[in-house]
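K.L.:
sequence unknown, structure follows:
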């Protein structure tokens with residue numbers, strides 16, 4: 001059960017926002033990982049769950065998987081073998097598992113069920129306290145389109161009812177910050193890019209990408225990072241999603 005964020009905003013680094021034009025907004029595009037939930041605790045838990053499954057079903061592979069040097073070598077080999085998968089996080093993870101199974105001399109067909117174990121746990125996210133109240137607020141006022149480089153499915157997460165559509169790098173073919181994926185998000189919402197407010201945490205992928213696509217940008221800067229992309233500037237910088245909702249009220 002999540003509760004609205006009532007804590008005072010943290011101090012934000014000095015930079016000048018461009019100023020948000022609320023009257024111009026007709027739709028929202030919204031990043032997922034690290035905007036609605038912290039991604040690395042989720043991935044770590046999913047990897048631990050996968051490791052436990054491999055211990056039971058492919059113990060030699062499990063042993064290899066505990067060696068950081070082996071994992072790094074497998075990831076590097078995957079980049080060389082399958083550059084076509086670089087924007088498909090699901091396929092990249094599945095084929096990395098398959099490559100590790102092959103190295104261990106175990107059944108490579110176990111890659112599919114092993115990946116499903118990982119993927120199920122990857123969707124057991126812990127939303128930031130402000131995420132659900134903010135989603136409810138935004139979805140009651142605008143069509144909201146998920147715009148992500150990752151492989152999270154908002155319906156599997158359990159928040160799909162708040163989204164008008166979803167666009168991701170794998171399905172579309174190019175990742176953020178390419179302006180084309182932002183334009184696809186605007187098209188999915190049925191509006192022009194200049195009528196979209198993009199909300200995201202990554203100053204480069206979300207920030208530079210959205211601004212280059214002609215959108216307004218709400219930079220969710222929970223950790224007080226410096227904005228390093230001048231002369232570009234976010235239209236509004238917030239330390240929480242509820243602070244943004246207040247600005248849109």
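P.N.:
Right, received. Where do you want to start? Note that the structure is a prediction, hence the values are computed from the model and not measured.
K.L.:
OK, contacts around the residue nearest in space to the middle of the chain?
P.N.:
Centroid-nearest residue in the chain: residue 33, 3.0 Å away (criterion: Cα atoms, centre = their mean). Contacts for residue 33 were tallied using Cβ atoms under 8 Å, 6 or more residues apart in numbering; they are 39, 148, 150, 152. Just so you know, the C-beta spots here come from the backbone N, C-alpha and C atoms, and that holds for glycine as well.
K.L.:
who wins for neighbours among the residues you listed?
P.N.:
Neighbour tally across these (other Cβ atoms under 10 Å): the maximum, 28 neighbours, falls on residue 148.
K.L.:
Show the contacting residues for it.
P.N.:
31-33, 166-169.
K.L.:
Return the closest of those with respect to residue 45.
P.N.:
Closest approach between these and residue 45, by Cβ to Cβ: residue 33, at 14.0 Å.
K.L.:
So what sits opposite the closest one in the bridge?
P.N.:
residue 37 (DSSP bridges).
K.L.:
Residue most distant from the centroid, this structure?
P.N.:
residue 105 (34.1 Å).
K.L.:
contacting residues for residue 45?
P.N.:
So residue 45 contacts 121, 124 (Cβ under 8 Å, 6+ apart).
K.L.:
I'd like to know how far it sits from residue 170.
P.N.:
As judged by Cβ to Cβ, to the nearest Å, residue 45 and residue 170 stand 22 Å apart.
K.L.:
What of residue 145?
P.N.:
Noted for residue 145: a distance of 16 Å to residue 170, by Cβ to Cβ.
K.L.:
before we move on, what about residue 201?
P.N.:
For residue 201, the distance to residue 170 - Cβ to Cβ - is 20 Å.
K.L.:
Next: residue 198.
P.N.:
Taking Cβ to Cβ, one finds residue 198 at 19 Å from residue 170.
K.L.:
Domain boundaries for the protein, per the record?
P.N.:
Following automatic domain parsing, one finds the domains of the chain at 22-37+127-248, 40-122.
K.L.:
Check which element follows the lowest-mean-pLDDT helix or strand in the chain along the chain.
P.N.:
Of all helical and strand segments in the chain, the minimum by mean pLDDT, DSSP states H and E falls on helix 68-81, at a mean of 83. Going down the chain from helix 68-81, the next helix or strand is helix 89-104, by DSSP states H and E.
K.L.:
Can you tell me the SS state at residue 147?
P.N.:
Secondary structure state of residue 147, per DSSP: H, G, I helix; E, B strand; the rest coil, is strand.
K.L.:
That one: how many residues sit nearby?
P.N.:
A count of nearby residues for residue 147, using other Cβ under 10 Å, gives 31.
K.L.:
Which parts of the protein are helices?
P.N.:
Assigned by DSSP state H, the chain shows helices spanning 39-57, 59-65, 68-81, 89-104, 111-122, 131-139, 154-157, 169-172, 179-189, 209-212, 241-248.
K.L.:
what about residue 27, how many residues close to it?
P.N.:
Neighbours of residue 27 under the rule other Cβ under 10 Å: 25.
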